[in-house]
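Undergrad: Fold the stuff below for me.
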Amino acid sequence: METTFFEFWAREASGIVSDYFIFATSAFVLFYILLKKPMWFRKVQKKLPELTDYGRDILYSMISVTIFATVALVVFYFAKDYTNTYDNISDYGWGYYVFSFVMMFIIHDTYFYWMHRAMHHPTLFKYIHLVHHKSTNPSPWTAYAFHPLEGFLEALIVPIIAFTLPVHNEALGWFFLFQIFYNVYGHLGFELYPKGFNKTWIGRWINTSVAHNLHHDKFHGNYGLYFLFWDRMMGTLRSEYDEVFDRSTGESKVKPELKPQAV
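TA: Okay, here's the model as predicted:
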């Protein structure tokens with residue numbers, strides 16, 4: 001029986017919702033409840049968001065999910081025959097299957113950096129990106145908390161990849177699942193990479209929770225998603241990044257605040 005467009009949309013929306021809530025809820029319970037005290041020295045900002053911040057972020061995240069599902073509906077239900085997605089790994093081989101992940105990361109990171117940086121232009125910021133930046137001390141629930149216009153711009157990575165890069169449907173699914181996971185990590189508020197990682201030959205190019213937390217705290221700089229290539233090349237990596245990373249991954253005697261504090 002052929003899937004109707006509404007069934008397709010509902011399946012996509014429920015899939016994104018479940019993946020998002022699994023990652024965000026698990027991260028929140030683990031770091032904001034169970035491991036809050038032993039991991040507090042890794043909390044980038046030594047305070048907790050307000051309860052209203054969590055509620056606002058969840059509400060806007062649900063709106064973003066509907067937008068992502070709608071874009072997926074247009075691309076993979078109405079226009080699938082025009083995409084470069086394929087079903088048989090043998091069409092391009094396993095080597096290309098693995099290589100396609102590298103290309104998707106590069107394409108997405110490049111698109112995100114320039115789109116994100118453009119949204120910080122004063123003319124666009126208050127209309128598109130301000131909602132996301134209301135969380136100056138982000139939590140896992142902030143990952144998808146976008147204004148609808150930003151949600152649409154974020155979702156455009158779906159057609160950008162599908163209509164340009166030959167990509168296996170399964171690989172595309174795994175890629176976007178990882179994207180949710182890394183987005184939650186980026187907004188976690190705790191740094192998980194080991195001390196000194198930011199100065200290793202590979203770590204200096206990888207985006208971290210500290211880097212993105214600084215972006216929310218200071219509003220400018222650190223525009224990357226997965227990598228710091230563009231930030232380093234364009235001079236937009238914040239100067240205090242290494243200092244804050246070192247502080248957030250070293251021992252500290254600062255104790256957690258027991259109640260949510262105003263941002």
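Undergrad: Just the helices from the stretch 101-250 of the chain, written as ranges.
TA: Listed in chain order, the helices of the stretch 101-250 of the chain (DSSP state H, counting those that start in this stretch) span 122-124, 130-133, 148-155, 157-162, 169-186, 209-218, 229-234, 241-248.
Undergrad: What is the burial count for the nearest residue to Gln179 once chain neighbours are set aside?
TA: If you skip the residues right next to it in sequence, Gln179 has His108 as its closest partner in space, 7.1 Å away by CB to CB, 6 or more residues apart in numbering. Placement of C-beta: from N, CA and C, glycine included. Around His108 sit 19 other residues, with neighbours defined as other CB atoms under 10 Å.
Undergrad: cool, His121 as well?
TA: If you count neighbours by other CB under 10 Å, His121 ends up with 10.
Undergrad: which of the helices of the stretch 101-250 of the chain sits most buried?
TA: Among these, helix 209-218 has the highest mean neighbour count (mean count of other CB atoms under 10 Å), at a mean of 22.
Undergrad: distance between it and the chain's centre?
TA: The chain centroid and the centroid of helix 209-218 are separated by 13 Å under CA atoms, centre = their mean, to the nearest Å.
Undergrad: Would you mind putting the CA coordinates of it into CSV?
TA: The C-alpha coordinates for helix 209-218 follow below in CSV (Å, rounded to 0.1, in the frame of the first residue of the first chain):
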residue,chain,number,x,y,z
SER,A,209,30.8,22.4,23.6
VAL,A,210,33.0,25.1,25.0
ALA,A,211,33.3,26.8,21.7
HIS,A,212,29.6,26.9,21.0
ASN,A,213,28.8,27.8,24.6
LEU,A,214,31.0,30.9,24.2
HIS,A,215,29.1,31.8,21.1
HIS,A,216,25.8,31.8,23.1
ASP,A,217,27.4,33.7,26.0
LYS,A,218,29.2,36.3,23.9
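Undergrad: Determine the set of other helices and strands touching it.
TA: Counting contacts by 3 or more CB pairs under 8 Å, 6 or more residues apart in numbering; DSSP states H and E, helix 209-218 packs against helix 169-186, helix 241-248.
Undergrad: Distance to Arg56 and mean pLDDT added to those helices, as JSON lines?
TA: As requested, the helices and strands packed on helix 209-218 are arranged in JSON lines below (distance: least, CB to CB, whole Å; pLDDT from 0 to 100):
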{"stretch": "helix 169-186", "distance to Arg56": "17", "mean pLDDT": "94"}
{"stretch": "helix 241-248", "distance to Arg56": "25", "mean pLDDT": "95"}
